[in-house]
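>>> Here is a sequence together with a model predicted from it:
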Amino acid sequence: MERDIQDILWVAVCAALVFVMQLGFLCLETGLTRSKNNINVAMKNLADFAVSTAVFWAVGFALMFGVSAHGWIGQGGFAPTLTTEDVWRSIFFLFQVMFCGTSVTILSGSVAERLNFRSFLLIVVVIAGLIYPLFGHWVWNGNQHGEAQGWLAQLGFVDFAGSSVVHSLGGWVALALLLIIGPRQGRFPPDKPPQKIPAANIPMAALGVMLLWLGWFGFNGGSTLALNPAIAPVLINTLLAGTAGPLAALLLSWWLHQRSDVEYLLNGVIAGLVAITASCHAVSTSSALLIGAIGGAVMVAADALLVRWHIDDAVGAVPTHLAAGIWGTLAVALFGDPLLLDTGLDRWQQLLVQGLGILVCAGWAGGISFGLLWMFNRWSPLRVSAETERIGLNIAEHHASSDLLELLLAMEQQAQSKDMSQRMPVEPFTEVGQIAARYNATMQALEQTTRQHEAMIQTTIDAIVFFQNQNQAITAVNPAAEILFGYPQSQLLGRSVTVLLAPGEMLPAPDGDAIYHELTALHAEGFTFPVETTLTIAEAGGEDFGIGIFRDISERKYTQETLQQRDAILESVSFAAHQLLELGEFDGHIEGALQRLGQATQVSRVYIFELRLDDDHDMRMYPMYEWVADGVAPKKHRADIQGLSCRHGPFQRWSQFCYKASQFMGISAPSPKQRSRSSNHSRFTHC
């Protein structure tokens, strides 16, 4: 069929615009997924276009646009030689291969961040070589000649630019694959609400949407296959539907979530464009606005259903391409001008045929792909391992890295080694370099503080034991604990802290007020000893752990017992001294008391003095009795021994003491400062 040069040029330009959509998909997927997978995203988008182009040239184009066998499959024309002898055929192939690439790329974004790269390429081969061309044959075969030959088209099914053939078909395959490989890690945690995985670069995603919108003018406008007046309403309707979709999604976002959800806005544009694609040549401008707005609303509803069913679509491809594509296919019958549709069907009949086409697309694209992919998955898992998903597909799949990934890996290594002296590499003049520099400063301060605390723990005289709060298993001890209990740390790790206590002893409940408890500890050699214990509970990393501080109080206990014994003896001596004052002789009671006092205090000699006032009112001390610990009988000293002055020298303090003692014992005695005229040999007390 001969074509005018302007038609050929128009379709060639539109093919180039459709190719721009590949850039849009790349930017959109890169922006809505995480940075650790952005290289994998780029690889997939480049590779799927290359593989789908090769497969569609070799097999798909012939199956889709070859001579139809009863409207079911094309035959002949495999791996065509495209020359200047048939320019229209060459340009038509160029235009159609772009559509095939678009359908395949829809899958890439939907299953991002978890699909094995080789498995993805295998799926691309299946879509471009079998699923897409056969359904395309049923709808579009004969379009290149202006005569419908596919069995669905002959029934009156209309899909002008691919709401079903391109977009719904890609969405059905994506949904089938999502059901097989499951959601990303952390997207739907058990017993918790769904967790939103943050996008890496929303401005990049917005740029992708704008590029897609630009490419859509070629997508829909080129489907006229001619440069004629019909392209004007096609382009206008494409613009208006793309405008109404995000506005409707934005209004629903405000109504449902009381905020402006940026992803609703982005996907609303795509949903509106997908919805108008099937009928952009046969509806009015007002209908285009309504179709686009409903497409945005359908996208929001479909997204909510996926979340409820725990189906994780990374970029929202199923709501935007599948759900909006289904709506757009039905909108052909609801809003399309019958004269422009030119199927000879009324609206009800058209609606039934459109519904049939949707079901056929679901059964063929969704059902066949699910069965094939399920078998592939049994033979070789389509999904990457959990560890690969955790570290990111950039490294695991392509051994590629970036400054951010290198920083994250260095942090991961430090977390595993627990070496706080390790520092992150700093790339100057970059945001990642600034993050690394601040991280290093933080780690330096933390290391300094930790070393100070470790030094305190290592050098403290108290035994410190760290243990798990749940099962009381020991996790660490300080050197003082090793010395106190007689165990090296290696023998205590993992054992219950009760191994350090005497049989029958239990750890008291931890108290936040740091109350001390006395327990009986058990040494490694088998003997017991008293300890003073303080228990506290701390939290780190979401886990509780206990800290026990133990102090040996054996000497304190011994001192307390000794003091109690001495108090009892001194009380006995005091009682005997009262008897001595009353009886005036050194009898056996005081001698026995002094004997016990000497044994308890190691005192070998005790003097009993008499205090007297001389003529100068000077208080003097005169020895009366002497007791010797070796058993010598007590004897009275000579009466002519000169008394020791209590006014001057060290005995001045004694005089004050003895005066107060006399007052305590109820004996009347003058103060050392009093100038009494009493006898200069008057005895007034004993001490």
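Cool, got the structure.
>>> How many neighbouring residues does the nearest residue to Asp346 once chain neighbours are set aside have?
Distance criterion C-beta to C-beta, 6 or more residues apart in numbering; nearest residue to Asp346, sequence neighbours excluded, is Pro338 at 7.3 Å. C-beta here means a position set from N, CA and C on the backbone, and glycine is covered the same way. Other residues within reach of Pro338, judged by other C-beta atoms under 10 Å, total 14.
>>> List the contacts of Pro338.
Each residue near Pro338 by C-beta atoms under 8 Å, 6 or more residues apart in numbering is listed here: 345-347, 350.
>>> Could you measure from the residue nearest the centre of the chain over to Asn141?
What sits nearest the mean C-alpha location of the chain, by C-alpha atoms, centre = their mean, is Gly186, with 9.1 Å. Plainly put, Gly186 is 45 Å away from Asn141 if you go by C-beta to C-beta, to the nearest Å.
>>> Flag the shaky bits of the stretch 501-650 of the chain, pLDDT-wise.
By pLDDT under 70, the weakly predicted segments of the stretch 501-650 of the chain are 510-515, 540-542, 569-570, 572-650.
>>> same thing but 50
Applying pLDDT under 50 to the stretch 501-650 of the chain picks out residues 631-642, 646-650.
>>> Going by neighbour count, which of the contacts of Pro338 are buried?
Buried by 16 or more other C-beta atoms under 10 Å: 345, 350, out of the contacts of Pro338.
>>> Narrow the contacts of Pro338 to those in helices?
347, 350 (DSSP state H).
>>> Follow the chain on from the lengthiest strand in the chain and name the next helix or strand.
Ordering each strand of the chain by length in residues (DSSP state E) puts strand 528-540 first. The helix or strand immediately downstream of strand 528-540 is strand 543-552, counting by DSSP states H and E.
>>> quick check, Pro43 in a helix?
In this structure residue 43 is Met, not Pro. Yes. Read with DSSP: H, G, I helix; E, B strand; the rest coil, Met43 is one of the residues of a helix.
>>> Can you get me a residue count around it?
Met43 is flanked by 20 other residues according to other C-beta under 10 Å.
>>> can you tell me which residues contact it?
Met43 touches 117, 397-398, counting by C-beta under 8 Å, 6+ apart.
>>> Rebuild these as CSV, extending it with neighbour count, pLDDT and secondary structure.
CSV is the format used below for the contacts of Met43 (neighbours: other C-beta atoms under 10 Å; pLDDT from 0 to 100; DSSP: H, G, I helix; E, B strand; the rest coil):
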residue, neighbour count, pLDDT, secondary structure
Phe117, 16, 93, helix
Glu397, 20, 86, helix
His398, 14, 85, helix
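>>> just those now: which is nearest Asn37?
Distances from Asn37 to the contacts of Met43, taken as C-beta to C-beta, are shortest for Glu397 (8.9 Å).
>>> ok, that closest one - contacts?
Neighbouring residues of Glu397 by C-beta under 8 Å, 6+ apart: 40, 43, 116-117, 384, 388.
>>> correct me, but the residue nearest to the centre of the chain touches Ile197?
Yes. Judged on C-beta atoms under 8 Å, Gly186 makes contact with Ile197 at a distance of 7.1 Å.
>>> Next, the buried residues of the helix or strand that contains Leu240.
According to DSSP H and E, Leu240 maps onto helix 231-257. The neighbour-count check on helix 231-257 (16+ other C-beta under 10 Å) flags 231, 233-235, 237-253 as buried.
>>> What average pLDDT does that helix get?
Average pLDDT, helix 231-257: 95.
>>> Give the next helix or strand downstream of that helix.
The C-terminal neighbour of helix 231-257 among helices and strands, as given by DSSP H and E, is helix 262-277.
>>> Just the CA atoms of that following helix, as CSV, please.
Taking Å, rounded to 0.1, in the frame of the first residue of the first chain, the C-alpha atoms of helix 262-277 are listed here in CSV:
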residue,chain,number,x,y,z
VAL,A,262,2.8,13.3,45.2
GLU,A,263,2.6,9.7,43.9
TYR,A,264,-1.2,10.1,43.4
LEU,A,265,-0.4,13.2,41.4
LEU,A,266,2.2,11.5,39.3
ASN,A,267,0.3,8.3,38.6
GLY,A,268,-2.9,10.3,38.0
VAL,A,269,-1.3,11.8,34.9
ILE,A,270,-0.4,8.3,33.6
ALA,A,271,-3.8,6.9,34.5
GLY,A,272,-5.6,9.7,32.6
LEU,A,273,-3.4,9.2,29.6
VAL,A,274,-3.9,5.4,29.6
ALA,A,275,-7.7,5.8,29.9
ILE,A,276,-8.0,8.0,26.9
THR,A,277,-5.7,5.9,24.7
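>>> per-residue confidence averaged over that helix?
For helix 262-277, the mean pLDDT works out to 96.
>>> just the helices in the stretch 301-450 of the chain please.
317, 324-335, 338-341, 347-361, 369-379, 386-391, 393-398, 403-417, 431-459 (DSSP state H, counting those that start in this stretch).
>>> and among those, the most buried is which?
helix 317 (a mean of 28; mean count of other C-beta atoms under 10 Å).
>>> which residues touch that helix?
106-107, 109-110, 170-171, 174.
>>> same question, stretch 298-308
Counting by C-beta under 8 Å, 6+ apart, residues outside stretch 298-308 touching it are 194, 245, 249, 252-253, 256, 264, 267-268, 270-271, 275, 312-313, 316, 318-320, 322-324, 326-327.
>>> Going by neighbour count, list what's buried in it.
298-300, 302-303, 306-307.
>>> what's the neighbour count on the residue nearest to Ser496 when sequence neighbours are not counted?
On the basis of C-beta to C-beta, 6+ apart, the spatially nearest residue to Ser496 that is not a chain neighbour turns out to be Gln472, at 5.1 Å. Gln472 sits with 16 neighbouring residues when counted by other C-beta under 10 Å.
>>> surely Gln472 meets Gly548?
No. Assessed by C-beta under 8 Å, Gln472 is found out of contact with Gly548, at 9.5 Å.
>>> Pull up the overlap in contacts between these two.
497, 507.
>>> Which one of the helices of the stretch 301-450 of the chain lies nearest to Phe56?
Ranking the helices of the stretch 301-450 of the chain by proximity to Phe56 (C-beta to C-beta) places helix 369-379 first, at 16.9 Å.
>>> so where's the stretch 251-400 of the chain uncertain?
For the stretch 251-400 of the chain, counting by pLDDT under 50, not a single residue falls below.
>>> 80 - rerun?
400 (pLDDT under 80).
>>> ranges for the strands of this protein?
67-69, 73-75, 463-468, 474-477, 517-522, 528-540, 543-552, 605-613, 619-628, 635-636, 644-645, 683-686.
>>> that older thread, summarise which helices and strands the helix holding Leu240 is packed against.
Judged by 3 or more C-beta pairs under 8 Å, 6 or more residues apart in numbering; DSSP states H and E, the packing partners of helix 231-257 are helix 202-221, helix 262-277, helix 285-308.
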